[in-house]
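> everything below, folded, please.
(chains A and B)
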Amino acid sequence: MAAGFAQWGNDLYSGKRSYNIVGRRSRWFILSGTLVALAVTFLLVRGLNAGIEFRGGSQFLVSNVKSTSQQIATDAVLGVERADVPLVSSVGNNSVRVQTGDLTADQVTAIRSALASGYGVDVAEVTSTFIGPSWGQDVSQKAVRGLIVFMVLVALVMTLYFRDWRMAVSGLVALVHDLILTVGVYAAVGFEVTPAGVIGLLTILGYSIYDTVVVFDKVRENTAGVVDQKRHTYAELANLALNQTLVRSINTSVVALLPVASILFIGAFLLGAGTLRDIALALFVGMIAGTFSSIFLATPLQVALRGREANIAAHTAAVLQRRVAEGLPVKESGVPLPVMVTAAPLHAGEHRGTAAQPKRKKRRSPPSPRR
Amino acid sequence: MVQNTRAARPVRTLVVLALAIAILFATIIAGTHWSKATLVPKLALDLEGGTQVILVPVLDAGGQVSDATITEAIRIIRQRVDSSGVSEAQITSQGGGQGGTSIVVGIPGKPDQATLDLVRKSALMRFRAVLAVLAPNSASTGATPTASVSSTSTASATASSSATATASPSATATASASPSATATSTATPITQPTDTPTTKPTSASDPAWETPSLLAAVDGLDCANPDNRKGGGADNPDLPLVTCNPEGTVKYVLGPAEIEGKDLSSATSGLQTGPNGVVTNNWVVELQFNGDGGKKFGTITTRLLPLTSPSNQFAMVLDGLVISAPVVQAAILDGRAEISGGNMTRVSAATLANQLSFGALPLTFKVLSEEQVSATLGAEQLQRGLLAGLIGLILVVIYSMLQYRTLGLVTIASLVIAGMITYGLITLLSWTQGYRLSLPGVAGIIVSIGITADSFIVFFERVRDELREGRTLYAAVEQGWERARRTILAADGVNFLAAVVLYFLAVGGVRGFAYTLGLTTLVDLLVVFTFTHPVLRLLTRVPFFAEGHKFSGLDPNLLGSSGVRYRGRGQVSKPALAGVASVAPDDGERLTIAERRAAAARSEAAGERKKPTDAGSASSKGSDS
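Below is the predicted model:
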C-alpha cells in the first residue's frame, strides 16, 4: 500500500498525474457553498444546544451519599433526560453536585428520584435549584474581541509575508468556512456546546490558518516569477503546487486526526468518556474542514482573485495565445485546453558569480561531508 | 551554497539540546528537593477539582448593586488571586435566583489559607475618628462607667451567616440603616451601640457617643480572641464602632464613619520626599482623595488637629478591622495625604497601600459557602480519554512507519523529544508560575501533535522532492531544509500569533489554551531546528540512508527519481542502470572525456564479443595497432 501511495506521490510531484482542482474550481465552490448553506440551515432551524455553562440550568445536590462516584449520577440523568451529559462533581465528603441543562418540572422530579435510587438515599436528600451561567457574557465578549483582533492580525501578517492581500482574503474565507461548518455540525448532531467545545473551535482557527499557510507557501514558490515565462499560466502552476503538497496534506491530516479520532470514537463512544466528546468532535470536524478548505477553497479562490489582476490576466492570455500559435490542442470554441505542467516549474537561472567558485579551504575546516 | 560553520556541526547542536533538556529536568528535580516543585504538572479546576467559594455582595446603607460594581469586584478579586500566582481560577458572577447576584470563585487544588483570605477579604473601607484606644481585653474606661462589667454583650451578632445570605441584600441594608436595629448581620462580633446618645453629639469625635450600650460593647469585645478578628464589614456607618486591629493588640472605640473608601482615588507606597525634594529613606503610603473626599478629609483633619491623644487619630477601617490609625499632624486640605512613621518597611507600606486601594471598592462580601469540589471531568473519564489518546498515538507511529519507513523513526523520536520538552516546561511553569493544566490545555497539546508532526512532514516531503529531482541525499537535505524552513517559520509564526493574541485578550479557560498552544508552537520550532534537521544531516552520512536503502524511506528509485541530474557546465548525468551499459547518446549530448573513454572501452568490449560474426572490422582494427 505504501509503495502504491509513494508512486502516486511521485506522479503527483512530477505532474505525470495531476488533479485539475484549480481548473474545476466552480465545482468546489458550489460544494463548499452548499455545505455552508446546509450548516447555516441547521443552525437556524435546530439552533445550538448551549451548555449549562452558557445558559444556566438546574442543579441537584445529593446529600449524605455513601459513594461519591460520578458515574452513578451520569447514568441516572442520562436515563431520564436527553443525551446531554451532566456536570457532576462531589462536594465535601458526602455530597454530589449534578448540573444539567434546563428541565421541565416532570424531568426534575424524575431525575430526583433517579438520583435518590442511584445513590441509595431518600428523595428528600436530593435538593434542586436553578443556577445561572458560569461562562459569563464578559468571557464571551473577550473571546470574540480576541477573535477579531486575531483575524485582522493574521490578514496583516499574511499580506506582508506573501506580499499579496488576495492570499490573506482567501485564507480568512477558508477560516470562516471551517468555523461555520464546525458549528453547523454541532447544530446538526445536537451535541451540547460547552466551553471546552468553544475552545476546540478556537483551536481549529490555528490549525486552519496553519494548513492554509503551508499550501500557500508552495503556491508562492511555484508561481514566483510566473510572468517571466510563457509556458504555463498562473492557474496551472498553482494547481501543480496543490498536487505537489497533496501528499503532505494527507499525511499531516492523518497524523493530526488519528489522536483526535481515537479520542472521539474509541474514547467517547466505546469507552464512554462523554465529557471529552464535544471537544473531540469540534477538533475532528474542524481539522477535516481545515484541510479541505486549504486545498479546495483557499487556493482556487486565490487563483480566481489573482486572475482578475491585470498583469496576470494579460500573462494568461499571452500563454494561451502562444499555445494556439504552437498548434497545441484547442477546444472547438477556440479556447486552448489547459496544459498539465509535467515537471517542476521552470525558473530562470541566476548568475552566481564568484559564489560558484570553489571555496578556499581554511586551515581547520570542519570535516567535509562525504558524498 | 555558502555553508555556515555552525549549521555544519549537527553533533554539537544535538549535544546542546541534550544539555538543555538535562538542565530543564535537573532544575525540576532540584526544585522538588529544595522547593515546592512537583514532578507532575498541577491540574486545573476541571481536572483536579478545588475549592469553591460563593460570595454574596452586602450593601452598605442606601447603595445599590449594579452590574458595573459586580464586574469591578470580580476584576479586583481576579487581580488578588492572580497576584498570588494561582492560574486559571474561575471567577464568575452568577445571577443566582432569589439571592441576587453572587460571585463564585473556584480555585484549583487545595489553596492555602492566605489565598482563601485574599478571596474572602471584604473590600469595604471607612475612615472613622478615634474615641478611645484600649488594651485588647480591657473593660470600658469611658467618661460614664455606668455599665456593669458582668453585662453580656447583646450587640454581638445573633443572626447566623446562612440566614443573612439568603435574605436579599436590600433587606439587610434597610435593617442596618435604622439606628434601632438590634444587631448588624455579621458573622463576627463587630460591636455597635443599640441606643442613641442622650445629648446630640456635635461631631464624630464627641465623647457623647459613648452611650451605655457602647460601653457594654466595649466590655464584651475581647481582641485577644482570634474569632473576634475575622472581620465582617457590614457595620453601620452612622453609629460608633468598637473593633480591633488585625493583630489583636489594640482595641479601638471609633466614632461614626466620615469618609467612605470610594472617596479614595488611589493609595501608593513609596519613599518619602523630604521638604526640599530630596528622597529620604522612609517608606510612606500616599493617599489621593477625590474632590468630595478631599473636602471631607480637610474638615476632619482640621477638627482633629487640636484634640488630645488619642482623639487626634483617625482609623482606617477595612473589613471591620483597623488597618491603620495615624495621628493627624497637619490639616490636609488638598486631598493628598501621606502616612508615615511607625517604623514602616517597604513590605508593610506596600501591604497597607494594597489594602487601601482594595478598600476603595464600595461593596462588602459575605461568604455564602466554601466547599471542596471535585473535578467536573471525572477521573475515570479522564483516564479513558488518555487511553484513547494513547491508542491514537500508537496509530500515528504505525502510520509514519508505513509512510516513511525507517525515517518514520526520526518523526517518532522528534515527537518524543517535543513531548519531553513540553512536559518539562509545563511542570516547570506550574512550579514557578502556578500554571495549571486544564482540559482545554490538553486539547491544545493534542492538536499540537498534528502541528508538530507537520513540520517534520513538510521537511521530509521537501527532501523527497529534492531527491526526485535527482539530488544526492546530502544536497537534498540541505536544499529541502532551505525551503522547508521558510514554510515552517511562516506557519508556526501565524500559529504563535494566534496564541499570543488569545492569551492577552481572553480570560479564563481560553487563556490557558492559548498558553499551551503558544508553548507547543515554540517547542515545535525548537525541536525541528535543533533535533530533526541535525539528525537528518547526520543520517546523510549513514550509508543505509545515503545510498537510499529500500527501507530507508529515501530510496530514489521508489521515489521515482529520474536519476537525471544537472551536473553543471551544460552536462546532465544519467544513472547507470544496473548492468546495462549506457551507450553514447544519439541526441548529440556531449560526454566528458572520462565518459567518452569508458564508452569507447565498452564498445570495444562489445566489438570483441561480436568478433565471430563481424571478423572484418575486428581484424582491421587489430592490424592497425
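> make it CA atoms for all contacts and neighbour counts henceforth
Will do.
> quick check, pLDDT for the residue nearest the centre of chain A.
Taking Cα atoms, centre = their mean, the centroid of chain A lies closest to residue A:290, which sits 2.7 Å from it. Looking at residue A:290, its pLDDT stands at 90.
> wait, it sits on residue A:206?
No. The criterion here is Cα atoms under 8 Å, and residue A:290 misses it with residue A:206 at 9.6 Å.
> mind listing what the residue nearest to the centre of chain A touches?
By Cα atoms under 8 Å, 6 or more residues apart in numbering or on different chains, residue A:290 lies in contact with A:174, A:175, A:178, A:204, A:207, A:208, A:209, A:211, A:212.
> now the residues you listed as a markdown table including distance to chain B and secondary structure?
Formatted as a markdown table, those follow (distance: Cα to the nearest Cα, whole Å; DSSP: H, G, I helix; E, B strand; the rest coil):
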| residue | distance to chain B | secondary structure |
| --- | --- | --- |
| A:174 | 15 | helix |
| A:175 | 13 | helix |
| A:178 | 16 | helix |
| A:204 | 9 | helix |
| A:207 | 7 | helix |
| A:208 | 10 | helix |
| A:209 | 7 | helix |
| A:211 | 8 | helix |
| A:212 | 8 | helix |
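> okay, and residue B:430 sits in which element?
Element membership for residue B:430, per DSSP states H and E: helix B:407-432.
> wait, does that helix contact chain A?
No. Between helix B:407-432 and chain A, judged by Cα under 8 Å from any Cα of the partner chain, nothing touches; the nearest distance is 10.9 Å.
> which helices and strands does that helix pack with?
helix B:10-34, helix B:379-404, helix B:439-468, helix B:509-527 (3 or more Cα pairs under 8 Å, 6 or more residues apart in numbering or on different chains; DSSP states H and E).
> could you point out which of these sits nearest residue A:317?
Minimum separation from residue A:317 across the helices and strands packed on helix B:407-432 (Cα to Cα) falls at helix B:439-468, 30.6 Å.
> could you list every helix and strand in contact with the closest one?
helix A:195-223, helix A:234-261, helix B:407-432, helix B:473-505, helix B:509-527.
> of those, which is nearest residue B:449?
So among those, helix A:234-261 is nearest, using Cα to Cα, at 6.3 Å.
> need the CA coordinates for the helix or strand following that closest one. PDB is fine.
For helix A:234-261, the following helix or strand on the C-terminal side (DSSP H and E) is helix A:277-293. The C-alpha trace of helix A:277-293 is given here as PDB (Å, rounded to 0.1, in the frame of the first residue of the first chain):
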ATOM      1  CA  ARG A 277     -16.900  14.100  23.300                       C
ATOM      2  CA  ASP A 278     -17.700  17.700  22.500                       C
ATOM      3  CA  ILE A 279     -14.100  19.000  22.300                       C
ATOM      4  CA  ALA A 280     -13.100  15.900  20.300                       C
ATOM      5  CA  LEU A 281     -15.900  16.500  17.900                       C
ATOM      6  CA  ALA A 282     -15.100  20.100  17.300                       C
ATOM      7  CA  LEU A 283     -11.400  19.200  16.600                       C
ATOM      8  CA  PHE A 284     -12.400  16.300  14.300                       C
ATOM      9  CA  VAL A 285     -14.800  18.200  12.100                       C
ATOM     10  CA  GLY A 286     -12.700  21.400  12.200                       C
ATOM     11  CA  MET A 287      -9.500  19.600  11.100                       C
ATOM     12  CA  ILE A 288     -11.200  17.900   8.200                       C
ATOM     13  CA  ALA A 289     -12.800  21.100   7.200                       C
ATOM     14  CA  GLY A 290      -9.400  22.900   7.600                       C
ATOM     15  CA  THR A 291      -7.600  20.500   5.300                       C
ATOM     16  CA  PHE A 292     -10.400  20.500   2.800                       C
ATOM     17  CA  SER A 293     -10.700  24.300   2.600                       C
END
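> so the residue lying closest to residue A:296 once chain neighbours are set aside, which state does it fall into?
For residue A:296, ignoring the flanking residues on the chain, the nearest one in space by Cα to Cα, 6 or more residues apart in numbering or on different chains is residue A:28 at 6.1 Å. Here residue A:28 is helix, with the state taken from DSSP: H, G, I helix; E, B strand; the rest coil.
> can I get the contacts of residue A:290 in a markdown table with distance to residue B:503 and pLDDT?
As requested, the contacts of residue A:290 are exported to a markdown table (distance: Cα to Cα, whole Å; pLDDT from 0 to 100):
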| residue | distance to residue B:503 | pLDDT |
| --- | --- | --- |
| A:174 | 23 | 92 |
| A:175 | 20 | 91 |
| A:178 | 22 | 91 |
| A:204 | 16 | 80 |
| A:207 | 17 | 82 |
| A:208 | 19 | 86 |
| A:209 | 18 | 85 |
| A:211 | 21 | 86 |
| A:212 | 22 | 90 |
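> tabulate the helices and strands packed on helix B:407-432 (a markdown table), appending mean neighbour count.
Listed next are these as a markdown table, based on neighbours: other Cα atoms under 10 Å in any protein chain shown:
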| stretch | mean neighbour count |
| --- | --- |
| helix B:10-34 | 15 |
| helix B:379-404 | 19 |
| helix B:439-468 | 24 |
| helix B:509-527 | 24 |
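> what segments of the chain are strands?
You didn't pick a chain, so chain A it is. Secondary structure of chain A by DSSP state E: the strands cover A:49-50, A:57-62, A:87-91, A:95-100, A:126-131, A:192-193.
> not what I meant, chain B
With DSSP E as the criterion, chain B has strands spanning B:50-58, B:90-94, B:102-108, B:125-134, B:241-244, B:251-260, B:264-273, B:279-289, B:314-318, B:321-324, B:336-339, B:364-373, B:565-568, B:571-573.
> what's the most buried one of the ones you listed?
strand B:241-244 (a mean of 28; mean count of other Cα atoms under 10 Å in any protein chain shown).
> so what secondary structure elements neighbour that one?
helix B:212-220, strand B:251-260, strand B:321-324.
> from residue A:126, how far off is the closest residue to residue B:532 other than its chain neighbours?
Leaving aside its sequence neighbours, residue B:532 sits nearest to residue B:414 (Cα to Cα, 6+ apart; 6.3 Å). According to Cα to Cα, to the nearest Å, residue B:414 stands 52 Å off from residue A:126.
> in the stretch 151-300 of chain B, what spans have low per-residue confidence?
Flagging of the stretch 151-300 of chain B using pLDDT under 70 yields the residue ranges B:151-191, B:193-202, B:204, B:226-235.
> would TSV of the helices and strands packed on helix B:407-432 with mean pLDDT be doable?
Formatted as TSV, the helices and strands packed on helix B:407-432 follow (pLDDT from 0 to 100):
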stretch	mean pLDDT
helix B:10-34	86
helix B:379-404	79
helix B:439-468	78
helix B:509-527	81
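> now the helices and strands packed on helix B:439-468 in CSV, with distance to residue B:25?
Shown next, in CSV, are the helices and strands packed on helix B:439-468 (distance: least, Cα to Cα, whole Å):
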stretch, distance to residue B:25
helix A:195-223, 29
helix A:234-261, 27
helix B:407-432, 6
helix B:473-505, 25
helix B:509-527, 15
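> so which of the ones you listed comes closest to residue A:185?
Between those, helix A:195-223 lies closest to residue A:185; by Cα to Cα that is 11.8 Å.
> and that closest one with helix A:234-261, angle?
Interaxial angle, helix A:195-223 versus helix A:234-261 (axes from the mean of the first three to the mean of the last three Cα atoms, to 10 degrees): 150 degrees.
> check which helices and strands helix A:195-223 sits against.
Judged by 3+ Cα pairs under 8 Å, 6+ apart, the packing partners of helix A:195-223 are helix A:165-189, helix A:234-261, helix A:277-293, helix B:439-468, helix B:473-505, helix B:509-527.
> among those helices, which is nearest residue A:359?
That would be, of the helices and strands packed on helix A:195-223 and by Cα to Cα, helix B:473-505, which comes in at 16.8 Å.
> give me the buried positions along the closest one.
Judged by neighbour count using 16 or more other Cα atoms under 10 Å in any protein chain shown, the buried positions of helix B:473-505 are B:473-481, B:483-485, B:487-488, B:490-503, B:505.
> quick check: domain ranges of the chain?
With no chain named, the answer covers chain A. Domains of chain A are assigned by automatic domain parsing as A:21-49+A:136-315, A:57-131.
> wrong one, chain B
B:10-39+B:379-546, B:45-118, B:124-140+B:168-360.
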